[in-house]
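Asks: Predicted model follows, preceded by the sequence.
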Amino acid sequence: MRPGIHPTYRTVVFRDAATGTLIRTRSTIATDQTVELDGEVLPLVPVDTSAASHPFWTGSARVLDTAGRVEKFHARYGQRATARHGGRR
């Protein structure tokens with residue numbers, strides 16, 4: 001690699017704003033904030049959402065009723081479109 005053209009790849013800490021969870025990883029992101037973790041002073045990057053607070057990963061995601069959508073459509077519009085064209089468009 002050529003010197004002087006690549007960003008610094010270093011250990012950083014991401015803090016989830018919703019849960020306060022700290023995630024230690026490596027990144028090239030630039031930040032002025034720091035945090036002490038395990039006796040080391042590391043760059044800190046606050047994030048709004050991470051796997052610790054995202055509804056999909058925490059299991060608190062809402063489940064949509066997809067089974068009733070087809071029935072609602074047929075109740076509202078009937079089977080006219082498929083019956084008229086023999087099941088094809």
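Replies: That came through, no problem. Quick caveat: nothing in here was measured; it's all calculated off a predicted structure.
Asks: could you pull out the strands for the protein?
Replies: Assigned by DSSP state E, the chain shows strands spanning 10-16, 22-27, 34-37, 40-47.
Asks: Can you name every helix or strand that the lengthiest helix in the chain contacts?
Replies: Secondary structure of the chain per DSSP state H: the longest helix is helix 67-77. Where contact means 3 or more Cβ pairs under 8 Å, 6 or more residues apart in numbering; DSSP states H and E, helix 67-77 is not packed against any helix or strand. Heads up, the C-betas are built off the backbone N, CA and C, glycines and all.
Asks: how about the CA coordinates for that helix, as CSV?
Replies: Below are the C-alpha coordinates for helix 67-77, written out as CSV (Å, rounded to 0.1, in the frame of the first residue of the first chain):
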residue,chain,number,x,y,z
ALA,A,67,-52.0,-14.1,5.9
GLY,A,68,-55.1,-11.9,6.0
ARG,A,69,-54.1,-9.6,3.3
VAL,A,70,-55.0,-11.8,0.4
GLU,A,71,-58.4,-12.6,2.0
LYS,A,72,-59.1,-8.9,2.5
PHE,A,73,-58.2,-8.2,-1.1
HIS,A,74,-60.6,-11.0,-2.4
ALA,A,75,-63.3,-9.8,0.0
ARG,A,76,-63.0,-6.2,-1.3
TYR,A,77,-62.5,-6.9,-5.0
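Asks: Let's test this: mean pLDDT of that helix, rounded?
Replies: Across helix 67-77, pLDDT averages out at 78.
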